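Chemist: Build me a structure from this.
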Amino acid sequence: MRIVPSEEIAGRLVTFQAGLKKLEVQGAVIRQNTDLYYFTGTVQDGYLIVPAEGKPVFAVRRDVRRAEEQSPLRPIVPLGNLKELPALVDEAVGAPAPRTLGLELDVLPAATFFFFDEKLFPKDHLVDVGGLIRQVRMVKSAWELSMMREAARISHAVARAVPNLVREGMSEWDLMAELQRVALLHGHLGFSRVRAFNLEIFFGHILSGPEAATPSYADSPTGGPGVSPAFGQGSGARALKRGDLISVDTMMNRHGYLNDQTRNFSLGEPHPQLRETYDLCRDLHQWLKENAKPGAVTGELYDAALELVKKAGRLENFMGPGGSGVSFLAHGLGLEVDEFPFIARGQKMVLQEGMTLAFEPKWAIPGVGIAGFENTYVVTPDGLESLNITPEDLVVIS
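Modeler: Next comes the predicted model:
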């Protein structure tokens, strides 16, 4: 079992505490699983109390023993009843109410917030620190990048398996199942965490032929029909045919850290429009690698990339079919699918060294299909470095 190093946890908490002080927040109570894992190294059921100054305390409902085995953080104390939490906060924060306390209000259920506000901390002022947490998490350490590189190796194993598994007449769903087996055997945890409400991810999108351009409710450039209205995205029952371009878009999870990769395969020669589109996608990746350096503004990168697509005469069906295209080109990635930064319309975030993002310029052309590849990148002083090791060529399977 991979344990998060103690120096990782310590450094993250120091950075977060500095942010709390800057915001004049006396302490925070962290509850969401992803954030608990980031700051404690475990997702045991509990509440992490982080004072702006002083020692954090991890109050665990279940299981204290597993928390002590998995987390280098101390102290870890048992929490028998939620009514015990205010006293623990009082002791850790060291300041009497009224205080300003931070919660992850971007993800905390409303019922939990009202219980905290009305029952547990009625004299305190509760504020959102979800944005601060996301800012702390967006710059990755060397250890985190090593986890993301391991996830990229799983992506590589999956892509490498495609030519040997694809056969005419098999369904998208069957291909997805075979590739998922490969992923699991290479260490994929089998799920991906997402912060946004109602944004759901399952393995990825394995899509083919004209039906690949089917839009869905998902906030992504590709959708696909899925196999049920209960999850109307991703692979369907369609049988693969000669001439199909198959998009293999996967999200791999290694010890909580993600890698997002898309590679294209074709059963025989693909439609000329998709081949041409793929070449433009390669140009966009090269442009972004050279221009997405520390100091670049994300919204300005988005506008400039869109202008390149416009000059190429390929704005139609870019990042989604018809009028369903999304207004981003890249999303941050780490422990969650939708981390900071976003290369998106109107964004003003400035890139920093150590940020990671998945860049996915894609076209979904109704009646033809989809094309475009995706890499997960890390921002370096000289531009972007791809964490993915799979060749970017469109692979034609004879």
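Chemist: what about residue 116, which SS state?
Modeler: helix (DSSP: H, G, I helix; E, B strand; the rest coil).
Chemist: Give me the outermost residue of the chain relative to its centroid.
Modeler: Distance from the C-alpha centroid of the chain, by C-alpha atoms, centre = their mean, peaks at residue 96 (38.1 Å).
Chemist: residue ranges for the strands of the stretch 151-300 of the chain, please.
Modeler: 204-208, 245-254, 257-267 (DSSP state E, counting those that start in this stretch).
Chemist: Out of those strands, flag the one nearest residue 126.
Modeler: strand 257-267 (30.4 Å; C-beta to C-beta). C-beta coordinates here come from the backbone N, C-alpha and C atoms, glycine included.
Chemist: Centre of the chain to the closest one, how far?
Modeler: Going by C-alpha atoms, centre = their mean, to the nearest Å, the spacing between the C-alpha centre of strand 257-267 and its chain's C-alpha centre is 15 Å.
Chemist: How many neighbouring residues does the closest residue in space to the residue farthest from the centre of the chain that isn't next to it in sequence have?
Modeler: Nearest residue to residue 96, sequence neighbours excluded (C-beta to C-beta, 6 or more residues apart in numbering): residue 90, at 7.2 Å. A count of neighbours around residue 90, defined by other C-beta atoms under 10 Å, yields 16.
Chemist: try the one 5 residues further on
Modeler: Applying other C-beta under 10 Å, we find 16 residues neighbouring residue 95.
Chemist: was I right about it contacting residue 25?
Modeler: No: between residue 95 and residue 25 there is no contact under C-beta atoms under 8 Å: 11.2 Å.
Chemist: Distance-wise, check the residue farthest from the centre of the chain relative to residue 136.
Modeler: Residue 96 sits 27 Å away from residue 136, going by C-beta to C-beta, to the nearest Å.
Chemist: In contact with residue 380, which residues are there?
Modeler: residue 353 (C-beta atoms under 8 Å, 6 or more residues apart in numbering).
Chemist: Any idea what it is bridged to?
Modeler: Beta-bridge pairing for residue 380 (DSSP bridges): residue 383.
Chemist: For residue 389, see how far away it is.
Modeler: Distance, residue 380 to residue 389, using C-beta to C-beta: 16 Å.
Chemist: same thing with residue 163?
Modeler: 17 Å.
Chemist: Likewise for residue 267?
Modeler: Taken as C-beta to C-beta, the span from residue 267 to residue 389 is 25 Å.
Chemist: So between those two, which is more surrounded?
Modeler: Neighbour count, other C-beta under 10 Å: between residue 267 and residue 389, residue 267 has more, with 20 against 13.
Chemist: just to revisit the earlier point, can you tell me which of the strands of the stretch 151-300 of the chain is packed in deepest?
Modeler: Each of the strands of the stretch 151-300 of the chain was scored by mean neighbour count; the highest is strand 204-208, a mean of 27, by mean count of other C-beta atoms under 10 Å.
Chemist: Could you say which helix or strand holds the residue nearest to residue 96?
Modeler: helix 85-93 (DSSP states H and E).
Chemist: how about that helix: buried residues?
Modeler: Neighbour-count burial for helix 85-93, with 16 or more other C-beta atoms under 10 Å as criterion, is recorded at 85-86, 88-90, 92-93.
Chemist: need these in TSV with distance to residue 326 and pLDDT, can you?
Modeler: Output for the buried residues of helix 85-93, formatted as TSV (distance: C-beta to C-beta, whole Å; pLDDT from 0 to 100):
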residue	distance to residue 326	pLDDT
85	40	98
86	43	97
88	43	97
89	40	98
90	46	97
92	42	97
93	41	97
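Chemist: Output the residues you listed as TSV; include the columns distance to residue 293.
Modeler: Shown next, in TSV, are the buried residues of helix 85-93 (distance: C-beta to C-beta, whole Å):
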residue	distance to residue 293
85	45
86	47
88	44
89	42
90	46
92	40
93	40
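Chemist: Out of those residues, flag the one nearest to residue 29.
Modeler: Closest to residue 29, out of all of those and judged by C-beta to C-beta, is residue 89, at 6.6 Å.
Chemist: who's in contact with the closest one?
Modeler: Residue 89 makes contacts with 27, 29, 49, 101, 121, as judged by C-beta under 8 Å, 6+ apart.
Chemist: what's the farthest-apart pair in those residues?
Modeler: 49 and 121 (11.8 Å).
Chemist: okay, these two: which has more neighbours?
Modeler: residue 49 (24 against 21).
Chemist: Tell me who's in contact with the residue sitting nearest the centre point of the chain.
Modeler: Nearest to the mean C-alpha position of the chain, by C-alpha atoms, centre = their mean, lies residue 337 at 1.4 Å. Contacts for residue 337 (C-beta under 8 Å, 6+ apart) come out as 192-195, 199, 201, 251, 258, 260, 331.
Chemist: what are the ranges of the helices in the stretch 151-300 of the chain?
Modeler: Secondary structure of the stretch 151-300 of the chain (DSSP state H, counting those that start in this stretch): helices at 172-185, 272-291, 298-311.
Chemist: isn't residue 331 right next to residue 347, touching?
Modeler: No: taking C-beta under 8 Å as the definition, residue 331 is not a contact partner of residue 347, at 10.9 Å.
Chemist: okay, these two: which has more neighbours?
Modeler: Counted by other C-beta under 10 Å, residue 331 and residue 347 do not tie: residue 331 has more neighbours, with 22 against 18.
Chemist: next structured bit after the helix or strand that contains residue 39?
Modeler: In this assignment (DSSP H and E), residue 39 forms part of helix 33-40. Sequence-wise, the next helix or strand downstream of helix 33-40 (DSSP H and E) is strand 45-51.
Chemist: measure residue 226 to residue 362 for me?
Modeler: Counting by C-beta to C-beta, the gap from residue 226 to residue 362 is 18 Å.
Chemist: what about stretch 200-207, distance to the chain center?
Modeler: In terms of C-alpha atoms, centre = their mean, the centre of stretch 200-207 is found 13 Å from the chain centre.
Chemist: what's it in contact with?
Modeler: Stretch 200-207 is contacted by residues 172, 175-176, 179-180, 183, 192, 194, 218, 220, 222-224, 231, 233-235, 246-251, 337, 370 when judged by C-beta under 8 Å, 6+ apart.
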